[in-house]
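> Here's a sequence, model it:
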Amino acid sequence: MDWIDKTFADVLHFAADRYGDQLAVIHEGNSLTYSQLLDRAQAFARGLLEMGVKKGDHVSLWMPDSLEWVIARWAVPYVGAILVPLNTRLRGKDLEFILKQSDSSVLIFQDRFSNFNYLETLSVALHTDFSAPSQGEIGGDDFPKLKKIIVVSDQSHQGMDAFSDIEASGAERLGQDTDLADARSRVEASDVAQILYTSGTTALPKGAMVCHGPLLQNNTASYQRMNMTKEDRFLASVPLFSATGTSYNLALTLVGGAIIILDRFSAENFCNKVEEHRVSLTFFLDTIVQDLKHYPGIDNHDLSSLRTGTGAPLSAESFDYLAEKIGITQLTGVYGMSETSNAVCRTFYNDPIEVRRETSGSPVPGAEITIINTQTGEPAAAGEIGEIRVSGFMVMSGYYNRPDENAATFDEQNRLRTGDLGKFTSGGQVAYCGRLKDMIKPSGFNVSTQEIEGYLKAIPGIAEASVVGVPDQRLGEVAFAFIEVVAGKTVLPEDVIQHCRNEIATYKVPRYVHIIQSWPRTSTGKIQKQQLKTRADEMVLAGKG
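Below you'll find the predicted structure:
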């Protein structure tokens, strides 16, 4: 079935009609079937209309994964408003920037979770004391667009509307008028459904505008290439606010599968949830794999229900561990980003294992992938590394309110410049080779830092590695490697350098190797290389490399 001309509301009704009694989401003893999800999403959507939310309004959603999160994520686009899912790790200045830059008129949030006080952080971001009597508009002159705050809480808060009250009010009005049906009828598949902010590993976050139909259509490839069915249960190992969370949420709804929410990742929690719910697919990062490898109790868990999954992209070592040790025999490769409505390349679950391990698969239907030689600007030959550029219906309409970034992001043929390096294999698959900004040039040779990292991770005793370039007076630039050593093992920097000299070209050998205990990471587990680059430059300048 094609979804390119459908909306999120269409999908929600489809799922309720076809999979009504199937579980849609499960969270710590609470759950919703697809019929219940539709009912509650419609109630909350009608409540949003009652409080003045209309088509085109920007509604930020800032709270941990929960049933309410899922309800809101469907209700907001149902009425034609634009969802802005926010990273739950945003703090004062970050939150302030995105709420302003996104022009959000409504914020939905949870006041507390575990030992973190979101209300205090919001007070800092909005320069507002919510414990004091109301002093005019929320946010004042600093946030002229922000008009309403909806809170998930077991207590009332000054100047805020309770999530439960909005939903209850909407439920009372359902069936009494046609307002909700009228709002739904005005939403088009080409309308922006959500603004996904990049994680900002190297610069200020940018909001990618992605649309109803393209998001839905593109994510059909997810369930097709992973062979998802209504029997599948997905463990949300990364937050639902991410592009990955969007992808699995949509794909599973299309086939009637269930999402299992994981409050906080740990290897033990992960394994317990897999056992408890007989989880069949999930998403992996190399960091997740490392935690599983070093979890001493892993052999005490039955993880045999895990059938498939994917990663971002995974190292060969991580892939083999999952396929061979854990037994995930249909593990797949993937490549995509927020700007492309999720994945634009995927392997099939039954491709040969070497294809699934070593590539991100072939382009999904409708995606045109071009590899561009970074020196000539011309299409690269098969096997030649260049920048991945993407065109097709799934590419974002642009970054919200960032005309400068839009001009730099699209080339003369209107292809998206991904900033990623890749190559085509002889079989037509795309192999991801790292970030363009991660390319270093020692002695005039172009070298992908990911290639060096692959060599380092293969050295016994090294758990993780990340490589950046630092200036060198004679060679122009050389590699600086940060490594994490496996607990209980001994690895010396000088031995690592000698090992590399014996295995790889001399210009690829790291000049410096530094052992690190913890990594600067984004909320989705990506190593923040810019922080490592700054640290490496400072160490070399100080003579401590």
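> Let me know the helix or strand that the closest residue to I504 other than its chain neighbours is in.
Closest residue in space to I504, ignoring its immediate chain neighbours: Y455 at 5.6 Å, by CB to CB, 6 or more residues apart in numbering. In this view, the C-beta of every residue, glycine as well, is placed from N, C-alpha and C. Counting by DSSP states H and E, the element that carries Y455 is helix 449-457.
> Quick one: mean pLDDT for that helix?
Mean pLDDT, computed over helix 449-457, is 90.
> Following the chain past that helix, name the next helix or strand.
Once helix 449-457 ends, the next helix or strand along the chain (criterion: DSSP H and E) is strand 462-472.
> and for that following strand, what are the contacting residues?
286-287, 290, 293-294, 438, 440-442, 449, 452-453, 456-457, 477-486, 491, 496, 510-512, 519, 527, 529, 532-533, 536-537, 540, 545 (CB atoms under 8 Å, 6 or more residues apart in numbering).
> then stretch 49-66 to CSV, C-alphas only?
Output in CSV follows, covering the C-alpha atoms of stretch 49-66 (Å, rounded to 0.1, in the frame of the first residue of the first chain):
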residue,chain,number,x,y,z
LEU,A,49,-8.2,22.4,19.3
GLU,A,50,-10.3,23.7,22.2
MET,A,51,-7.2,25.5,23.7
GLY,A,52,-6.6,27.2,20.3
VAL,A,53,-4.0,25.0,18.6
LYS,A,54,-4.5,25.2,14.8
LYS,A,55,-2.9,23.9,11.6
GLY,A,56,0.7,25.1,11.2
ASP,A,57,1.3,25.8,14.9
HIS,A,58,4.5,24.5,16.3
VAL,A,59,4.1,22.2,19.4
SER,A,60,7.2,21.1,21.2
LEU,A,61,7.2,17.8,23.1
TRP,A,62,9.8,17.6,25.8
MET,A,63,9.5,14.6,28.1
PRO,A,64,10.7,11.1,28.6
ASP,A,65,9.2,8.2,26.6
SER,A,66,5.8,7.3,28.0
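> Show me which residues of that stretch are buried.
Buried positions in stretch 49-66, judged by neighbour count with 16 or more other CB atoms under 10 Å: L49, V53, D57, H58, V59, S60, L61, W62, M63, P64, D65, S66.
> P64 against Q110, yeah?
Yes: the pair P64 / Q110 is scored as a contact, 6.4 Å apart, by CB atoms under 8 Å.
> show me what contacts the residue nearest to I504?
Taking CB under 8 Å, 6+ apart, we find Y455 in contact with C500, E503, I504, K508.
> how close does the residue lying farthest from the centre of the chain sit to K544?
Largest separation from the mean C-alpha position in the chain: R474, at 40.0 Å (CA atoms, centre = their mean). According to CB to CB, to the nearest Å, R474 stands 20 Å off from K544.
> what are the phi and psi values for I353?
For I353, the backbone dihedrals (degrees, to the nearest 10) come out as phi -60, psi -30.
> can you pull the pLDDT of it?
According to the predicted model, the pLDDT of I353 comes to 97.
> again with G545
pLDDT at G545 comes out at 66.
> now do Q135
pLDDT, Q135: 51.
> same question, A203
Per-residue confidence (pLDDT) for A203: 58.
> Quick check: closest non-adjacent residue to A431.
Residue nearest to A431 in three dimensions, not counting chain neighbours: T359, with 4.7 Å by CB to CB, 6+ apart.
> Could I get the contacting residues of the one you found?
Residues in contact with T359 (CB under 8 Å, 6+ apart) are G333, T347, T425, G427, Q429, V430, A431.
> Let me have those in JSON lines, adding distance to P205 and secondary structure as columns.
Below are the contacts of T359 laid out as JSON lines (distance: CB to CB, whole Å; DSSP: H, G, I helix; E, B strand; the rest coil):
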{"residue": "G333", "distance to P205": "27", "secondary structure": "coil"}
{"residue": "T347", "distance to P205": "30", "secondary structure": "coil"}
{"residue": "T425", "distance to P205": "33", "secondary structure": "coil"}
{"residue": "G427", "distance to P205": "36", "secondary structure": "coil"}
{"residue": "Q429", "distance to P205": "31", "secondary structure": "coil"}
{"residue": "V430", "distance to P205": "26", "secondary structure": "strand"}
{"residue": "A431", "distance to P205": "28", "secondary structure": "strand"}
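> Buried subset of these, written for ChimeraX?
Selection of buried members from the contacts of T359 for ChimeraX, criterion 16+ other CB under 10 Å:
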select :333,347,429,430,431
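> got the contacts of T359 as a markdown table, with pLDDT columns?
Output for the contacts of T359, formatted as a markdown table (pLDDT from 0 to 100):
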| residue | pLDDT |
| --- | --- |
| G333 | 96 |
| T347 | 98 |
| T425 | 96 |
| G427 | 95 |
| Q429 | 97 |
| V430 | 97 |
| A431 | 95 |
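> Farthest-apart pair in the contacts of T359, please.
Farthest apart among the contacts of T359 by CB to CB are G333 and G427. That separation is 12.4 Å.
> Find the residues that touch each one of these two.
In contact with both G333 and G427: V355, T359, using CB under 8 Å, 6+ apart.
> Leaving out sequence neighbours, find the closest residue to E50.
The shortest distance from E50 to any non-neighbouring residue, by CB to CB, 6+ apart, is to S169 (5.8 Å).
> quick one: that neighbour and L49 touch, right?
No: assessed by CB under 8 Å, S169 is found out of contact with L49, at 10.1 Å.
> Residue ranges in this structure under the pLDDT threshold?
Residue ranges of the chain with pLDDT under 70: 132-137, 139, 199-203, 523-524, 545.
> Could you tell me which of the buried residues of stretch 49-66 are located in helices?
Residues of the buried residues of stretch 49-66 located in helices (DSSP state H): L49.
> could you dump the buried residues of stretch 49-66 to JSON lines with distance to S304?
Shown next, in JSON lines, are the buried residues of stretch 49-66 (distance: CB to CB, whole Å):
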{"residue": "L49", "distance to S304": "47"}
{"residue": "V53", "distance to S304": "46"}
{"residue": "D57", "distance to S304": "46"}
{"residue": "H58", "distance to S304": "44"}
{"residue": "V59", "distance to S304": "41"}
{"residue": "S60", "distance to S304": "40"}
{"residue": "L61", "distance to S304": "35"}
{"residue": "W62", "distance to S304": "37"}
{"residue": "M63", "distance to S304": "34"}
{"residue": "P64", "distance to S304": "29"}
{"residue": "D65", "distance to S304": "26"}
{"residue": "S66", "distance to S304": "29"}
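> residues in contact with the closest residue to R225 other than its chain neighbours?
Closest residue in space to R225, ignoring its immediate chain neighbours: R346 at 4.4 Å, by CB to CB, 6+ apart. Contacts of R346 were listed using CB under 8 Å, 6+ apart, and they are 221-222, 225-226, 310, 332-335, 360-362, 364.
> now T310
Listed by CB under 8 Å, 6+ apart, the contact set of T310 reads M226, F283, F284, L331, T332, G333, V334, R346.
> again, but for C345
Counting by CB under 8 Å, 6+ apart, C345 touches 333-336, 360-364, 367, 369, 429-430.
> cool, R73 as well?
For R73, the contact set (CB under 8 Å, 6+ apart) comprises L61, L83, P85, L240, N249.
> count of neighbours near the residue nearest to the third one when sequence neighbours are not counted?
In other words, P85. Nearest residue to P85, sequence neighbours excluded (CB to CB, 6+ apart): F241, at 3.8 Å. For F241, the tally of surrounding residues (other CB atoms under 10 Å) stands at 28.
> Next, the residue lying closest to S305 once chain neighbours are set aside: phi, psi?
With sequence-adjacent residues excluded and distances taken as CB to CB, 6+ apart, S305 is closest to R278, at 4.2 Å. The phi/psi pair for R278 (degrees, to the nearest 10) reads phi 50, psi 50.
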